[in-house]
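Asker: For reference, the sequence and a predicted model appear below.
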Amino acid sequence: MSATVETPLGAFWSEYRRDPVAVAALAVVGTLLALALLAPWITPQNPYDLKTLNLMDARRPPGHVGSGGYVHWLGTDPSGRDMLSAIVHGLRISLQMGLMAGAVAFVVGSSLGVLAAYRGGRIEAAIMRVIDLQLSFPAILLALILVALLGQGRGQLVVALIAAQYAYFARTAHGAASAERRKDYIEAALATPLSGARVIWRHLLPNCLPPLIVVGTVQIANAIALEATLSFLGLGLPITEPSLGMLIANGFPHLMNGRTWISVYPGLALILLIVAINLVGDRVRDQLNPRLKR
Amino acid sequence: MLGFVIQRLLQAAAIMLAMSVIVFTGVYAIGNPIDVLIPPDADQKLRAEVIVRYGLDLPLWRQYLVFLGNALQGDFGRSFLYALPTLQLILSRLPATLELALAATLAATLIGVPLGMYAGYRPDSIPARLIMGLSVLGFSLPTFWVGLILILTFAVHLGWLPAGGRGATVEVFGVGWSFLTRDGLMHLLLPALNLSLFKLAMLTRLARAGTREAMLSDFVKFARAQGLSEPLVLFRHVLKTIAIPLVTVFGLELGTTLAFAVVTETIFSWPGMGKLIIDSITALDRPVMVAYLILITFLFVVINLVVDLVYAVLDPRLRQGRTA
């Protein structure tokens, strides 16, 4: 059945599809997402079930057939863990953290930004002063301060990531909403008996979404990178939930002995993920930017 | 102008005060330093002694006031771990971090600006496209991963450069510096390159954008009409006009570099402030954490203040706009 009426999403896709690099990047992101979702069912081993580990298999190079009877395509780590399984599980944790932090930062940040633009006056000045101030500090420093303050753990890490990210959403939302706020359709909506909340929710917010989606894509990649950095520094998740960053950190000491696969492959997985998300974000940004249209 | 300066100074002071409250309460309200300080098999008497010695028996707000009073005199207490005055400990690590940050910023400028100018001068050439493609990687690749690859390539596979540490240092003014010895320079090269990467990408892009714009302007047309050679046009005229925004970014980025040094120092075992803070977070060495966070905030506030003031001097419009 062919669609006769082109939906906005369909139009977006038919334009998106013209850039082969962006399509490939989207395919990579999709594949990695699927791998992460299905991790417990598709990996040959549950890398954190100690019963399945065998020290006989420790530090084997890629391609080794272990005691489990299957090939360790990416080798094993010092505990005899299959690196491929560990990476797919790590991907799951990294993506989980990135998406969770990104989503909350999106909601908190855009609410603040839209609220500031809608209310104006002192509230706007106060909110934006704090946001500007925060943006002058690098995200890694903020995350470091929060991890130092809150201690280590899953919840604390998500809070640190959100705190380091929401300001970008807030600034973008504020910029977009201030521009929309002055337009006639908002004035018209305000003249009707609709409540302020409804005007924000149904009229103002949807029109601020395009730039927020772009920032959102990039910020998810940034959140994943930041989480990996913190985990690499030993300030991230507890050792029972190794994200890609921690896998890389665990393999780091073995780099010198030439057992490079223990940290290089998780590193490649991380880079693939981050670069692919960034490429998708770039394409979406170009498409949503009216200035680049002919 | 005076009003503007006073307003900015007050704002900076307010940030510092707020930061000290947040950091202090955050660090001291979570966990119990007593558990870290006192061995589990210590008797009651020793426990009580240590608690009194560190003032841990006072209510939190009293502890804060004592802390603030001492901090204003440069006394941030003693490190639980090293048993040294905290400020002295951090300052002893400062030269290593500064050396690394300056080397990185210098490398970023010396490499990034010419690359960016070339890419802006010949925007459609293949090298220019390559430069821009690589600069995207410079933005999106995490610093620690690049550091790892640098070690893997230059230290493990090629064996040309050491993988970590600071190497031989020379004492100048009672402080050891790496860049004065060959061995020290060899140790400095990889971490500085690693730390410079983000800035390198940024300066390249800024220099490219500035050059592209400048090449279309009248002054370039006139300089060419005057018969000046292309290199002369680029380095005498274009470089001068794009320098102002570059210098601003350079100033702001110095602070960011100090913050990112945390990552690079950890990878390359560089004995600077960044490694110290990571070690003290994992060891729950609270006085060091508090002092580091307050010092780095202070550095940031000072850098932002200086940039604001310099801007105000350069651009009178901004001065009026911001005081209003």
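Answerer: The structure has been received and is ready for your questions. Numbering: from 1, shown residues only, chains lettered A, B, ... in the order given.
Asker: Give me the pLDDT value at residue A:107.
Answerer: The per-residue pLDDT reported for residue A:107 equals 92.
Asker: number of nearby residues for whichever residue of the stretch 201-324 of chain B sits closest to chain A?
Answerer: Scanning the stretch 201-324 of chain B for the residue nearest chain A gives residue B:259, at 4.1 Å (criterion: Cβ to the nearest Cβ). Every residue, glycine included, has its C-beta placed from N, CA and C. By other Cβ atoms under 10 Å in any protein chain shown, 20 other residues sit near residue B:259.
Asker: do the one 3 residues further on as well
Answerer: A count of nearby residues for residue B:262, using other Cβ under 10 Å, gives 26.
Asker: That one: what's it in contact with?
Answerer: Residue B:262 sits next to A:140, A:144, A:233, B:274, B:275, B:277, B:278 when contact means Cβ atoms under 8 Å, 6 or more residues apart in numbering or on different chains.
Asker: Now do the same contact list for the nearest residue to the first one once chain neighbours are set aside.
Answerer: It refers to residue A:140. Spatially, and ignoring its direct neighbours in sequence, residue A:140 is nearest to residue B:259 (5.6 Å; Cβ to Cβ, 6 or more residues apart in numbering or on different chains). Listed by Cβ under 8 Å, 6+ apart, the contact partners of residue B:259 are A:137, A:138, A:140, A:141, A:144, B:296.
Asker: Identify, from those residues, the entry nearest to residue B:162.
Answerer: For the contacts of residue B:259, the minimum distance to residue B:162 (Cβ to Cβ) is 25.4 Å, reached by residue A:140.
Asker: which is the next helix or strand following the host helix or strand of the closest one?
Answerer: For residue A:140, the host element (DSSP states H and E) is helix A:139-150. For helix A:139-150, the succeeding helix or strand toward the C-terminus, using DSSP H and E, is helix A:154-181.
Asker: Just the residues contacting whatever helix or strand comes next after that following helix, thanks.
Answerer: Per DSSP H and E, the first helix or strand lying C-terminal to helix A:154-181 is helix A:184-191. With Cβ under 8 Å, 6+ apart as the test, helix A:184-191 has contacts from A:180, A:196, A:199, A:203, A:204.
Asker: out of the contacts of residue B:259, which is most surrounded?
Answerer: In terms of neighbour count, residue A:144 stands highest of the contacts of residue B:259 at 28 neighbours, by other Cβ under 10 Å.
Asker: Dump stretch A:75-86 to PDB, keeping only the CA atoms.
Answerer: Provided in PDB are the C-alpha atoms of stretch A:75-86 (Å, rounded to 0.1, in the frame of the first residue of the first chain):
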ATOM      1  CA  GLY A  75      39.400 -12.400  23.000                       C
ATOM      2  CA  THR A  76      39.000 -12.600  26.800                       C
ATOM      3  CA  ASP A  77      39.900 -10.400  29.700                       C
ATOM      4  CA  PRO A  78      42.000 -11.300  32.800                       C
ATOM      5  CA  SER A  79      39.000 -13.100  34.400                       C
ATOM      6  CA  GLY A  80      38.300 -15.200  31.400                       C
ATOM      7  CA  ARG A  81      35.300 -13.100  30.300                       C
ATOM      8  CA  ASP A  82      34.300 -13.100  26.700                       C
ATOM      9  CA  MET A  83      35.100  -9.600  25.500                       C
ATOM     10  CA  LEU A  84      32.400  -9.600  22.900                       C
ATOM     11  CA  SER A  85      29.700 -10.400  25.500                       C
ATOM     12  CA  ALA A  86      31.200  -7.800  27.900                       C
END
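Asker: Flag every buried residue along that stretch.
Answerer: A:75, A:76, A:77, A:80, A:81, A:82, A:83, A:84, A:85, A:86 (16 or more other Cβ atoms under 10 Å in any protein chain shown).
Asker: can you map out the helices along chain B?
Answerer: Residue ranges of the helices in chain B, as given by DSSP state H, are B:2-29, B:33-37, B:44-53, B:60-72, B:86-121, B:126-140, B:143-150, B:182-215, B:218-225, B:230-232, B:239-267, B:273-282, B:286-314, B:316-323.
Asker: before we move on, back to that, in JSON lines: the buried residues of stretch A:75-86, plus distance to residue B:194, secondary structure and pLDDT.
Answerer: Putting the buried residues of stretch A:75-86 into JSON lines (distance: Cβ to Cβ, whole Å; DSSP: H, G, I helix; E, B strand; the rest coil; pLDDT from 0 to 100) gives the following:
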{"residue": "A:75", "distance to residue B:194": "26", "secondary structure": "coil", "pLDDT": "70"}
{"residue": "A:76", "distance to residue B:194": "29", "secondary structure": "strand", "pLDDT": "72"}
{"residue": "A:77", "distance to residue B:194": "25", "secondary structure": "coil", "pLDDT": "71"}
{"residue": "A:80", "distance to residue B:194": "32", "secondary structure": "coil", "pLDDT": "65"}
{"residue": "A:81", "distance to residue B:194": "28", "secondary structure": "coil", "pLDDT": "74"}
{"residue": "A:82", "distance to residue B:194": "31", "secondary structure": "strand", "pLDDT": "75"}
{"residue": "A:83", "distance to residue B:194": "25", "secondary structure": "helix", "pLDDT": "77"}
{"residue": "A:84", "distance to residue B:194": "28", "secondary structure": "helix", "pLDDT": "80"}
{"residue": "A:85", "distance to residue B:194": "30", "secondary structure": "helix", "pLDDT": "79"}
{"residue": "A:86", "distance to residue B:194": "26", "secondary structure": "helix", "pLDDT": "82"}
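Asker: Please list which of those residues also come close to chain B.
Answerer: For chain B, no contacts are drawn from the buried residues of stretch A:75-86 by Cβ under 8 Å from any Cβ of the partner chain.
Asker: Determine which two of those residues are furthest apart.
Answerer: Maximum distance among the buried residues of stretch A:75-86 (Cβ to Cβ): 13.4 Å, for A:80 and A:84.
Asker: Go through the helix or strand containing residue A:11 and flag the buried ones.
Answerer: Secondary structure assignment for residue A:11, by DSSP H and E: helix A:8-16. Within helix A:8-16, the residues scored as buried using 16+ other Cβ under 10 Å are residue A:16.
Asker: Would you mind pulling up the elements that that helix packs against?
Answerer: helix A:20-42, helix A:261-288 (3 or more Cβ pairs under 8 Å, 6 or more residues apart in numbering or on different chains; DSSP states H and E).
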